[in-house]
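Asks: Got a predicted structure here, sequence first:
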Amino acid sequence: MAERATTVGVHRPSGLRLAWAWGAATALLALALDQATKWWVLAELMDPPRIIPVAPFFNLVLWHNRGVSFGLLSADHPATPWLLSTLALAIVAGLVIWMTRDRRPGMAAAVGLVAGGALGNVVDRLRHGAVTDFLDFHAAGYHWPAFNLADTAIFLGVALLAVGGRGEPARAPSSAAQS
């Protein structure tokens, strides 16, 4: 009788753990890159604040956004950063729940981009009272509102979710009590 070869001591993560790892790693990477670039802009590049032309369509600038996207909900009230941060943290909590239930690593990574970007902007609001934006794209005299890497991560994550959401459906955790 031939014995089956077994692998002792090798552990392969379940689909759920693999997806969670991808999502968490992507969130941490987005958060770290966002905070590193904001630190560089604030501490090194924009001291003193100025406009730095990089290309005919792109400048580096320093802008503090006290609201959300495009300056919406902007207010100088001292509670505004706390309220917006609380809202963002509630959304991140929902995203974390999503990551713990979806077994697809690609979808979890997309959710991680959104969560990491949101957390990057929360850190700014709580530290500075506003989000630091510095990427300024423009064409024909029109300037897109300045943004940062957290905003980019959020946009890319949502775009990937929109594209990936049309693919393979999420697999539910397997149940031992199937009839």
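Replies: Yep, that arrived.
Asks: what's around the nearest residue to residue 80 once chain neighbours are set aside, how many residues?
Replies: Closest residue to residue 80 apart from its sequence neighbours, by C-beta to C-beta, 6 or more residues apart in numbering: residue 66 at 6.3 Å. Bear in mind the C-beta positions are built from the backbone N, C-alpha and C, glycine included. Other residues lying near residue 66 total 18 when counted by other C-beta atoms under 10 Å.
Asks: what's near enough to touch residue 99?
Replies: Contact partners of residue 99, counting by C-beta atoms under 8 Å, 6 or more residues apart in numbering, are 19, 20, 23, 24, 108, 111, 112, 115.
Asks: Tell me where the model's unsure across this structure.
Replies: Filtered on pLDDT under 70, the chain yields the residue ranges 1-14, 67-79, 165-179.
Asks: how about the helices of it, start to end?
Replies: For the chain, helices defined by DSSP state H occupy the ranges 15-40, 80-101, 105-128, 149-164.
Asks: Of those helices, which stretch is the most buried?
Replies: helix 105-128 (a mean of 23; mean count of other C-beta atoms under 10 Å).
Asks: who touches the most centrally placed residue in the chain in this structure?
Replies: Centroid check for the chain by C-alpha atoms, centre = their mean gives residue 117 as the closest residue, at 2.6 Å. By C-beta under 8 Å, 6+ apart, residue 117 lies in contact with 30, 31, 34, 149, 150, 151, 152, 153, 154, 157.
Asks: could you redo the last one with a cut-off of 7 Å?
Replies: 30, 34, 150, 151, 153, 154, 157 (C-beta atoms under 7 Å, 6 or more residues apart in numbering).
Asks: Distance check, the fifth one against residue 51.
Replies: Going from residue 153 to residue 51 by C-beta to C-beta, to the nearest Å gives 24 Å.
Asks: what do you get for the last one?
Replies: Per C-beta to C-beta, residue 157 is found 29 Å from residue 51.
Asks: go on, the third one?
Replies: Counting by C-beta to C-beta, the gap from residue 150 to residue 51 is 21 Å.
Asks: got it, and the second one?
Replies: Using C-beta to C-beta, one gets 22 Å for the distance from residue 34 to residue 51.
Asks: Over to the fourth one?
Replies: Noted for residue 151: a distance of 19 Å to residue 51, by C-beta to C-beta.
Asks: now swap in the first one and tell me
Replies: Remark: distance between residue 30 and residue 51 (C-beta to C-beta) = 26 Å.
Asks: now stretch 97-105, how far from the chain's geometric center?
Replies: 16 Å (C-alpha atoms, centre = their mean, to the nearest Å).
Asks: Span of that stretch from start to end?
Replies: The stretch stretch 97-105 measures 14 Å between its terminal residues, going by C-alpha to C-alpha, to the nearest Å.
Asks: close enough to count as contact, residue 57 and residue 140?
Replies: No - counting by C-beta atoms under 7 Å, residue 57 stays clear of residue 140, with 9.6 Å between them.
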